[in-house]
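Undergrad: What follows is a protein structure lacking sequence information:
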């Protein structure tokens, strides 16, 4: 058996279903060995999408996503996907081929120091020097990627090592890494302190982040806790979907792109429990200030996140599921009904206010008049997501479409909302939706992107077609890079620079035809409902183009 | 604020680069860095002196602990540890200042370890402050080159296990 066979055996032992990748000479031994197994390979059309597809797969399956590409340009193309996964703590194992180990360091054809390049945005990386190390390294890589604060692990393996013989293959049953022992169980004393504070708090609020989705089973525990103890919940962008959007305790997303009533709730609270969220700049413009006159509890599996941006009153390191299991054992008899009434009032206030000041800036017409003329993407997203299945997966891209989606997407009982929250990688939605659909073929998966982001990864239509992955794609078309345009509108007084996609946008109908994908268009308001119904009526890959006004701002 | 980090790391290739890269990427200061093997040949000890505000110094420790090459991080301030730095300094001397230099060496417990007709190399191993004081006494002399190890530190015996 050669090392490449061993890698494949390890993937089998880890229960890997799909490998997303792109071959090249330096990874050919691996792609030869994988023919001997039932692991399915997905040939992407550009390596970045291999990582995004693995990411979408990982987020829906709860397993580790695997991407395998060749050396040099294959590896560097993968990098954006790795960094995207790292920013959102998505567990991936990325394997890159490398040139012959005797030639490493001499700048030969297709050589690049990928582990050096990725150092600051992988959880760990390996350069495999000996074939006999393969089983241990593979076992460790899957363990590291999927435990503690999850994240991508890179394995760079020279072609000669892939071809080297392994005398005896045995996949290790256990992992022992003396430098890596993530804390899982929350500290009992700290848990008691939180409960004690919660008993005293008059206006507690829980802010959930992406960590709640990443910790298996945590969503249910958190939900049980807030429902039993009657505690209102807000979320960060990555935490969308922890509670369904119509949940009676849910008060929206926080941050400068979030709901005003959510932010108001945070400001008014006397106790904030941050759960699996980074207190990052997008959610809190002044993290220092959130601790003023408040008890801040910060729960995270990564100790380095606690106190990085805001000093908490009670730090609590641990896996969210475990911590909330402990919380759920506690008795708390606090009545929050006045507080909740107040928040409900905020919600009503701001909803009425925002209806008045809608975002059409360059027109003298009223909102109703404009909405009658062009498709309002916010209304469209509301209706689309409302029409989607209970357990549908909504994948938002990056740009105005992401912000409209965050604010308007209806997430149902078992629905999921995926997006590239940390890195904000344009073009994430289509490949991530593809990966998500492979992970859950029975679920409806809808990617919503702009015409800019779509053109970054539209080559994946070929992948969708080749492997018959029926992803639904919505392209909000306005012929401009809307969010940058909006920024230049406000910051540079309408001096627009390099934002016009202009006439060069391909005819999406012809494009869909070229890939054999069903095409629909919504250009007029009166087509909206029938268009959405038609779009979701089957389980076929469909491209829905929605024409919107380029002058809209979020 | 100054802080000393004694970082035990796996002795394998690329580790120095990863640790130094962490400081660079996160904009942490490195005032000095000294690396060497420990009693276990698989383990190296990196002694890093850094400065910054309290939160930065705390982040440094947490981020170091997060690295999978780092076995253990011990941190202490200068009063809790025995700190030493080794310096070699090559100076040009002449008849008039030769005696002064030698006297200074004697006072400060430095040693002349190499000499030619016009130059001498002085070795000094002491606390970083005393190394600096000695260096200041040489300011009037023409210094040709200096090599310093950076601070090495071990927790004081009396602090051990506290």
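TA: Yes, it's here. Please read all numbers here as calculations on a predicted model, not as lab measurements. Numbers count the residues shown, from 1 in each chain, chains lettered A, B, ... in the order given.

Undergrad: domain assignment for the chain?
TA: In the absence of a named chain, chain A is used. Following automatic domain parsing, chain A resolves into domains at A:3-163, A:188-348, A:359-547.

Undergrad: That was the other one, I meant chain B.
TA: B:2-76, B:82-153.

Undergrad: Just put those domains in CSV and tack on distance to chain A and mean pLDDT.
TA: C-beta here means a position set from N, CA and C on the backbone, and glycine is covered the same way. Converted to CSV, these look like this (distance: least, Cβ to the nearest Cβ, whole Å; pLDDT from 0 to 100):
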stretch, distance to chain A, mean pLDDT
domain B:2-76, 4, 94
domain B:82-153, 21, 94
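
Undergrad: Can you tell me which of the ones you listed is most buried?
TA: For the domains of chain B, the largest average neighbour count (mean count of other Cβ atoms under 10 Å in any protein chain shown) is found in domain B:2-76, namely a mean of 17.

Undergrad: Hmm, residue A:110 and residue A:73 touching each other?
TA: Yes: using Cβ atoms under 8 Å, residue A:73 makes contact with residue A:110 at a distance of 6.8 Å.

Undergrad: Any idea how far stretch B:103-123 is from the middle of the chain?
TA: Centre-to-centre, stretch B:103-123 and its host chain are 20 Å apart (Cα atoms, centre = their mean, to the nearest Å).

Undergrad: same deal with stretch A:482-499?
TA: The answer for stretch A:482-499 is 27 Å, by Cα atoms, centre = their mean.

Undergrad: Now the terminal residues of it, how far apart.
TA: 8 Å (Cα to Cα, to the nearest Å).

Undergrad: about what we covered before: deepest in the core, which of the domains of chain A is it.
TA: domain A:3-163 (a mean of 22).

Undergrad: quick one: terminal-to-terminal distance for that one?
TA: So domain A:3-163: terminal residues 6 Å apart, Cα to Cα.

Undergrad: Distance check, residue A:483 against residue A:32.
TA: 44 Å (Cβ to Cβ, to the nearest Å).

Undergrad: Sorry, slip of the keys, the one I care about is residue A:284.
TA: 50 Å.

Undergrad: just residue A:99 next, same as before
TA: Distance from residue A:99 to residue A:32, by Cβ to Cβ: 18 Å.

Undergrad: same thing with residue A:295?
TA: Residue A:295 is 59 Å from residue A:32, by Cβ to Cβ.

Undergrad: do the same with residue A:145
TA: 25 Å.

Undergrad: show me the residues around the closest residue to residue A:336 other than its chain neighbours that make contact.
TA: Excluding the flanking residues, the one nearest residue A:336 by Cβ to Cβ, 6 or more residues apart in numbering or on different chains is residue A:230, at 4.9 Å. Residues in contact with residue A:230 (Cβ atoms under 8 Å, 6 or more residues apart in numbering or on different chains) are A:249, A:334-337, A:340.

Undergrad: So which residues of chain B form strands?
TA: B:2-10, B:32-37, B:43-51, B:70-76, B:81-92, B:111-115, B:119-126, B:142-148, B:152-155 (DSSP state E).

Undergrad: Which strands or helices does the fourth one pack on?
TA: The one in question is strand B:70-76. Counting contacts by 3 or more Cβ pairs under 8 Å, 6 or more residues apart in numbering or on different chains; DSSP states H and E, strand B:70-76 is packed against strand B:2-10, helix B:54-66, strand B:152-155.

Undergrad: Out of these, which is closest to residue A:279?
TA: Proximity to residue A:279, assessed across these by Cβ to Cβ, is greatest for helix B:54-66 (12.7 Å).

Undergrad: Residues touching the closest one, excluding its own?
TA: Contacts for helix B:54-66 (Cβ under 8 Å, 6+ apart): A:302-304, A:307-308, A:311, B:1, B:3, B:5, B:7, B:19, B:22-23, B:26, B:28, B:50-52, B:70, B:73, B:75.

Undergrad: mind listing what the residue of the stretch 251-400 of chain A found nearest chain B touches?
TA: At 3.9 Å from chain B, residue A:304 is the closest residue in the stretch 251-400 of chain A, using Cβ to the nearest Cβ. Residue A:304 sits next to B:59, B:62-63, B:65-66 when contact means Cβ under 8 Å, 6+ apart.

Undergrad: mind redoing it with 10 Å?
TA: A:149, A:317, B:58-59, B:61-66 (Cβ atoms under 10 Å, 6 or more residues apart in numbering or on different chains).

Undergrad: next one: residue A:547
TA: When contacts are taken as Cβ under 10 Å, 6+ apart, residue A:547 is in contact with A:374-375, A:451, A:475-479, A:521-524, A:527.

Undergrad: Mind checking which of these are in helices?
TA: Judged by DSSP state H, helices contain the following of these: residue A:451.

Undergrad: quick one: which of the contacts of residue A:547 is nearest residue B:89?
TA: Nearest member of the contacts of residue A:547 to residue B:89, counting by Cβ to Cβ, is residue A:451, at 65.7 Å.

Undergrad: so how far is residue A:256 from the closest residue to that closest one other than its chain neighbours?
TA: Leaving aside its chain neighbours, residue A:451 sits nearest to residue A:477 (4.6 Å; criterion: Cβ to Cβ, 6+ apart). The spacing between residue A:477 and residue A:256, counted by Cβ to Cβ, is 26 Å.

Undergrad: if I look at the residue nearest to residue B:42 when sequence neighbours are not counted, how far off is residue B:43?
TA: Among residues not flanking residue B:42 along the chain, residue B:11 sits closest, at 5.3 Å (Cβ to Cβ, 6+ apart). Using Cβ to Cβ, residue B:11 is found at 6 Å from residue B:43.

Undergrad: just residue A:328 next, same as before
TA: Residue A:328 is 42 Å from residue B:43, by Cβ to Cβ.

Undergrad: Next: residue B:99.
TA: 47 Å.

Undergrad: With residue A:124 instead?
TA: Residue A:124 is 18 Å from residue B:43, by Cβ to Cβ.
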